[in-house]
Structure formats: C-alpha cells, structure tokens
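In: Sequence isn't available, so here's the structure alone:
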DNA sequence: TGTACATCAGTGAACGCGCGTTCACTGATGTAC
DNA sequence: TGTACATCAGTGAACGCGCGTTCACTGATGTAC
C-alpha cells in the first residue's frame, strides 16, 4: 500500500465503492473461497486502508449483500441471453436451464455465495426479493406462462410451483457439481441434458395427463423389449 | 468444567471418542451452524478440557470427517428403511427420494456438512469413497438395476449416469429447502412429489423411447384441450 | 485576487475476540517383582 | 502381601493468528468572503 492509489476528488468518492465491489468479486473468483474475502483482503486489493471500506458499506454483510445482488443480476443476464436464441417456448426453458448450470460452473464461488450459503437472517430473507420480483425467477415464470399459452403445459397449473420444480432441478446439478467435483463427471453434459429432458418431458406428460400413469403404461404396451435386453 | 466427568479407566479411553462425536453432532443440530462447532465448544459440551479432543482425533478436520461418515451412514439407513416398504422397483426409487429430502429437512446442518461444504481436499476427495462404494449411492444403483431387470428402464443405460440424475434431483430440492427457507414452500410437498414424478416418468419415457419427442407428440394429438383452457 | 475555513476522503494504530493447536504437567490405575 | 514404577487419560496455561470494527487523526479540495 506504500504508493497507494490517488485520493478521489470531491464528488468522486463513490468510484471507490465500485472498485471495492469488483475487488470482492475478483477475490471470490480467484481464491475460490469466501473465507478469503475479508475486509482487509478487499481493502488490500483495492490499494486502500481497511477502514476505508466502512466509508462505503455499513459492515461486511452489507458489502456481501451488494455482491449478491450483482451476481444475481449477472445470472439473470446470462439466462436471458441464452433464452433469446430459443426456438420455441419449451426450448426457452431448456436454454435457461443450460445457461443456469453453465453460469454456476463458470463462477462456482459466486454461485455458492448466493445459493448455497446459510441465510443470514432466518426470518426476513426471501431469496433476495429482487430475484423474485424482477430477476431470473420472474423471467422463468414468464417463460412458463408462454408455454402455457402455447398449450405445452396445462393452463391451470400454478407457474410458481412449476418454477420451483425447474429451479430445484437446475440447482441440484449446479450445486452438486460445485460441492462434489470429485464425482466422475466425465459425462456431466449427459447428466445435465438428461435431467433437463426428463424434467421437461415428465413435466409435459404429468401436466397434460393427470393420469400419466395410465398414459405411460399404454405407451409401455408397445415399448421396445427392454425386459429381454435385461435378461441377456 | 469444575466437577467434570469421571476419568476413564485404563482401557476405556475410547468411550470418550464416541462422546465427542455425539457432542459434535448435537452441536450441529442445536445451533444449526457449523461455525458453532469449535474444538472448544465440543470439549465443553462433553465436560472435558480442550486438549483432550486431540487424544482422540488428529485435528479438527479428522473429527469432522468422522462426523461426515456417521451422517452418511444415517442417511443411507433412512433411505434403506424407506425403500423397504416400496411396492415395486420404481416405487423404491421414489421412496428413496422422499426419504432423502426428509432426512435433509430434518437434519439441515448435518446435510449441509456432508453435501454443501466446500471440499477440503480439491483433488483426492471423491464424495467420501465409503458413500460410493457401500453407502447410499451404491444402494441407489442397485435399485436402478432392479428397475432395469423389471424392464422399467432400458437395460443398456448406464446405472451410474441415471443415479447421478436422480441424486441431483433430490439434492436440488433438499439443498434449496435448506438454503432458501424463505421461499414460499407452503406446497413443498407438491414440489417434491412433482419433481419425483416428473423425473421418474420422464426417465421412463426417455429411457424406453429414444424418440421420446415423437412419443410425446403422438400422445399430444389425443391430449386434453390445454390450449383452449389457456385461451379462456 | 487572496486567505481563512469547512468538508470530504481517506489513514495508522489499536481494541477485543475466538480460534486451532502445543507444551509441560498431574494424578489415578494397573503391573512387575 | 507390599511397594516402586510405567503408563494411561487427562489438565491448565499459553502460543500466535486473523478477524471485524472503532477511534482520533490528516491533508488535499473546494468555497465564502
């Protein structure tokens, strides 16, 4: 910190705030460890003394909360970009799922921060109201509604419930990839597409056919001879 | 620690080891926070001085590793018990999934410890070799094979890949419930069964019908009029 | 145009805290002779 | 049967560390008169 960075001009103190947030994000990415993101480490990386952080954030939690908001925004942007190239409403859900997992794998410690942490405030914390109200989840719900309007999912289904199902499915793969990198993920791509296909087509089936068991077994009567293959 | 617990007899020092493990598990459950499980806190709860822990465990990591093993064993036991009452091989998978999520919700901090932690050792750690070799995952693979033998899933599918899909699906719900308790989970049960049904029947469909898209649309031609419902 | 002064954007040093771990020790228990 | 002694199962005090946060301060920047 010997030479240090130049002191900001009168009205430009807020510029440091952005640098602090960027430093925190970079530290997460480079160290791959939330513990490495201490107030001291962030200040050091910016080239500023430790107490300077407190000129811009009330405390460490406030700093991390703002990082969370930025990560959620980036996740949303990634999913929207992927969905833009979708061919139809159902493919839009699929592309979102793929983009979700890819984002998590590309930014594991960021993902861990926003989706795998113990909630600080057990009561009040929805999953960051911003995410629900205008973020990635809201966009997912809109995509589900478009599927309903296209007749691909029953219109009397509650989009919120379906959204949770899809979110949980994508989150399952993403967080398992992050928490258990030692698993033999050679065919991780297969697991992802397989899950998405299963969930997607299972969703359509159970949604279009309340009696999906019957539909399935009527299909099974003309199914390929899986049993014989098993008996080889 | 003033009166303390009686000192163990000559050959009985190992009894303290079990008490330490139990104390660590109880602390996790009661505080709901891994940070609360310090070597000091564990020793205090057992009624023993802090260095006494080191007579039975090389360091804190070794202690936590043993707790992990116990939690994995308990998870396996819960799933096996649930599967015992299954009606058929497919229902066995379903019961395992339900039991998995129930275990996680009932023991959130234990689940977090074994399934949501950053891996200590990035390289060597498989997901605890014990789990893969003889634990819950191995039992899941066996259950999948029984489905294949019954002709419910194609025999030429790789059970390991399907196992990952199912594990990820259950883990998705479990870890989302734990990490985001603030979400409106009023119908958590619906999300669970909905996911299990979707995955299960999607798995059967995509597995029995490589051309599941065709099968789905042939079904769709005789589908209930979802489109009209959407147009009301 | 010059100067006193308020304010803004920081700094350096220190606070108390809890942590994992180590060290030198103690005292009861059992065993060898 | 008695006693010296090795060992086992611990204890008490202390180590250094990094953490979040606070306090009193400094010095450049702009403004009022």
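Out: Looks like it came in fine. In this text, all values refer to a predicted model and were calculated from it rather than measured experimentally.
In: And the contacts of the helix ranked longest in chain A?
Out: What stands out as the longest helix in chain A, according to DSSP state H, is helix A:60-83. With C-beta atoms under 8 Å, 6 or more residues apart in numbering or on different chains as the test, helix A:60-83 has contacts from A:20-21, A:24-25, A:28, A:37, A:39, A:42, A:53, A:57, A:92, A:95-96, A:98-100, A:102-103, A:107, A:110-111, A:113-114, A:120, A:128, A:130-131, A:135-136, A:139-140, A:143. Backbone N, C-alpha and C define where each C-beta goes, glycine included.
In: quick one: which of the residues you listed sit in helices?
Out: A:20-21, A:24-25, A:28, A:39, A:42, A:92, A:95-96, A:98-100, A:102-103, A:110-111, A:113-114, A:130-131, A:136, A:139-140, A:143.
In: Within reach of DNA strand D, which of the residues you listed are there?
Out: Near DNA strand D, judged by C-beta under 7 Å from any atom of the strand, the entries from these are residue A:39.
In: if I pick residue A:95, what's in contact with it?
Out: Residue A:95 sits next to A:82-83, A:85-86 when contact means C-beta under 8 Å, 6+ apart.
In: if we go to 6 Å?
Out: A:82-83, A:86 (C-beta atoms under 6 Å, 6 or more residues apart in numbering or on different chains).
In: same check, this time on residue A:94
Out: Residues near residue A:94 by C-beta under 6 Å, 6+ apart: residue A:196.
In: one more time with 8 Å, if that's ok
Out: A:86, A:196, A:200.
In: Residue A:202: what's its closest spatial neighbour, skipping adjacent residues?
Out: In this structure, residue A:202 finds its nearest non-sequential neighbour in residue B:202, 2.8 Å apart by C-beta to C-beta, 6 or more residues apart in numbering or on different chains.
In: With residue A:173 instead?
Out: The shortest distance from residue A:173 to any non-neighbouring residue, by C-beta to C-beta, 6+ apart, is to residue B:168 (4.7 Å).
In: pLDDT score assigned to the one you found?
Out: On pLDDT, residue B:168 comes in at 96.
In: Return the set of buried residues in the strand or helix carrying it.
Out: With elements taken from DSSP states H and E, the one containing residue B:168 is helix B:159-179. Buried positions in helix B:159-179, judged by neighbour count with 16 or more other C-beta atoms under 10 Å in any protein chain shown: B:159-160, B:162-179.
In: Next: stretch A:96-113.
Out: Across stretch A:96-113, burial judged by 16+ other C-beta under 10 Å covers A:96-101, A:103-105, A:107-113.
In: so which of those residues comes closest to DNA strand D?
Out: residue A:113 (13.5 Å; C-beta to the nearest atom of the strand).
In: ok, that closest one - contacts?
Out: A:28, A:34, A:64, A:67-68, A:71.
In: could you dump the residues you listed to a markdown table with neighbour count, pLDDT and distance to residue A:153?
Out: As requested, the contacts of residue A:113 are exported to a markdown table (neighbours: other C-beta atoms under 10 Å in any protein chain shown; pLDDT from 0 to 100; distance: C-beta to C-beta, whole Å):
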| residue | neighbour count | pLDDT | distance to residue A:153 |
| --- | --- | --- | --- |
| A:28 | 23 | 98 | 37 |
| A:34 | 17 | 97 | 38 |
| A:64 | 19 | 96 | 37 |
| A:67 | 22 | 95 | 35 |
| A:68 | 18 | 93 | 31 |
| A:71 | 21 | 94 | 29 |
